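Undergrad: Fold the following for me, if possible:
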Amino acid sequence: PPAAITASTQLAQLGVDSVASVSLMHALEQRLGRKLSTSLAFSHPTVGELARHLCQPAAAESSPLQIDVKPILGREEYPLSFTEGYLFELIERQPRQEAYNLFLPLRVAGPLDAEALAAAWAALLQRHDNLRTAFSRRDGRLVRRVLAAVPFALEQVELSSLSAESRDAAVRRACAELRHRHFDLAKPPLLAVRLLRLAAQESLVLISISHLVTDAWGLGVMRRDLDALYEAACSGGVASLPALTLRAADFAVATEAAFRELLAVGQAAFPPYPAEDFRFPYDHPLPPSPSIEGKFRIFPVDEAATARLQRTGQAHGFSLSMACLVAFQGALHRLTQKEQVMFAVVQGNRRLQALREVVAHVVYSEMFCGDVRGAPSYLSLLGHARQFTLQERIPQQLRTLLAAPPAMRILFNFHNFAAGERGTASRFTLARELNIFPYLWDSYDLLLQIFPLGTSIFCNAVYRSEVIEATTIEAVVKLFCQSLEELAGDPASAFTI
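TA: Residues are numbered from 1 along each chain as shown. As a prediction, the model looks like this:
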């Protein structure tokens, strides 16, 4: 209750995590009439500290996103952002695209109106410009063109007359076929949607979409918008959705300009990484042309352990994503017996309020450097993780891409798929059991994915089995869980290898 909130109350205890901090700062901006950094909730972690800061004379707030994104209209072509260009190059040189497709299987309980669903998808394509965008190379430049309209057809398959065994086999074949769909990047929409009728009261909607079009947050936005548009199509009403004030193309123009400015300074402006000689202990050498085929190891963190983490996080002001990041850091320290480690972390990059409503690919990977010399406490490691989230994004992103150290091939990703939905209920629920495909990009060999699922955490380690044995992955999993348990039990305790 409000009466229980004091100046010493941690913002994290009130549910202010990295996602909620954006909404909080946006609301304060509206109330105070001044620009605020979304990082204030982390740099001033209690109610009193934040209040004292806001009472000071207004000053320009620095933001981890040091670019000015404005709507830009009237162009026939727009550039790709630096990270979109990087992904375009990866896709272009890989004959098999399934590693660069996102697959979203949605389950629908109850009756489903196929005509209304097709109408909802047509409206969704009109709402989000990136779903109508052609990506191509012109005169040596990578460009995007937003088309006024694109052809779309909802694929439909009737499976209700099959036996349960035959139906399950047909579903698996449909998932594999759609997951492997090849998209011509110059011919949007770069997605395919298939409706599977399993029974009168049960259906699956399978979506395959190029990662160049969207990231995990954008998938959440798509699912939220699809639900509202479908309900409107069924009722003949108008969907209640937030207005879009920015487009993916606007973000690309701004970030591309920022990167060009930094490139003019040169790579010499970036100091070397403190542990850039760090190597993951591969079991076999990486072949010249590695396969995209991999394997995976699923390991859930149960509700009791997740609850302990959340309680400790609320008491000490850290989020689940920070805890999991530090736990993975600890696993690598103990696996390699090194005091300094490095690995890549996927950054969501949606601190701008307007970007939170957009279907776009704005994520990127940034190097995280861990150091446990002197046996720091878990709280100290969490403080370092917090500072990592506050640093200027654009310079760090460019530094990672320019240096491309070997440790970049080890990747940590705390998924924010649900964040894009903004907590809304949906008739389209994720059929997670159908969403496991062990494909890897050319650019990494181990990916630890963390999915917060209500009151528990779902973890998936995808790895290149050509170079990493299952026994090594088992060791990583064991050490990750050990670090989580220690952190939840006593975050003030010292971390030791």
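
Undergrad: what about the strands in the stretch 51-200 of the chain?
TA: For the stretch 51-200 of the chain, applying DSSP state E, counting those that start in this stretch gives strands covering 78-79, 101-109, 133-138, 141-146, 155-158, 191-199.

Undergrad: and L206, how many residues sit next to it?
TA: Neighbour count for L206, taken as other Cβ atoms under 10 Å: 23. For the C-beta atoms, the positions are set from N, CA and C on the backbone; glycine is no exception.

Undergrad: Please identify the helix or strand for it.
TA: In this assignment (DSSP states H and E), L206 forms part of strand 202-210.

Undergrad: Which elements pack onto that strand?
TA: Strand 202-210 is packed against strand 101-109, helix 164-179, strand 191-199, with contacts defined by 3 or more Cβ pairs under 8 Å, 6 or more residues apart in numbering; DSSP states H and E.

Undergrad: Check which helices and strands the helix or strand just after it sits against.
TA: Downstream of strand 202-210, the first helix or strand assigned by DSSP H and E is helix 216-235. Applying 3+ Cβ pairs under 8 Å, 6+ apart, one finds that helix 216-235 contacts strand 101-109, helix 114-127, helix 417-421, strand 428-430.

Undergrad: quick revisit: figure out which of the helices and strands packed on strand 202-210 is closest to P376.
TA: Closest to P376 of the helices and strands packed on strand 202-210 is strand 101-109 (Cβ to Cβ; 37.1 Å).

Undergrad: quick one: that closest one to chain centroid distance?
TA: The chain centroid and the centroid of strand 101-109 are separated by 17 Å under Cα atoms, centre = their mean, to the nearest Å.

Undergrad: And stretch 177-195, by the same measure?
TA: Distance of stretch 177-195 from its chain centroid, counting by Cα atoms, centre = their mean, is 21 Å.

Undergrad: What lies in contact with that stretch?
TA: 88, 91-92, 96-98, 101, 103, 112, 114, 117, 121, 125, 131-136, 147, 150-152, 154-157, 174, 203-210, 212-213, 437 (Cβ atoms under 8 Å, 6 or more residues apart in numbering).

Undergrad: Next: stretch 105-112.
TA: With Cβ under 8 Å, 6+ apart, stretch 105-112 has contacts from 175, 195, 197, 200-207, 223, 427-431, 434-435.

Undergrad: Which among those count as buried?
TA: When the contacts of stretch 105-112 are checked for burial by 16 or more other Cβ atoms under 10 Å, the buried set is 175, 195, 197, 202-207, 223, 428, 430-431, 434-435.

Undergrad: which one of those is nearest I468?
TA: So of these, ranked by how close each gets to I468 (Cβ to Cβ), first place is N435, at 22.1 Å.

Undergrad: hang on, the closest one packs against F103?
TA: Yes. N435 is in contact with F103 according to Cβ atoms under 8 Å; the separation is 6.1 Å.

Undergrad: can you give me the helices for the chain?
TA: In the chain, the helices defined using DSSP state H lie at 20-32, 40-43, 47-55, 82-92, 114-127, 164-179, 216-235, 248-265, 303-316, 320-336, 378-390, 393-403, 417-421, 470-489.
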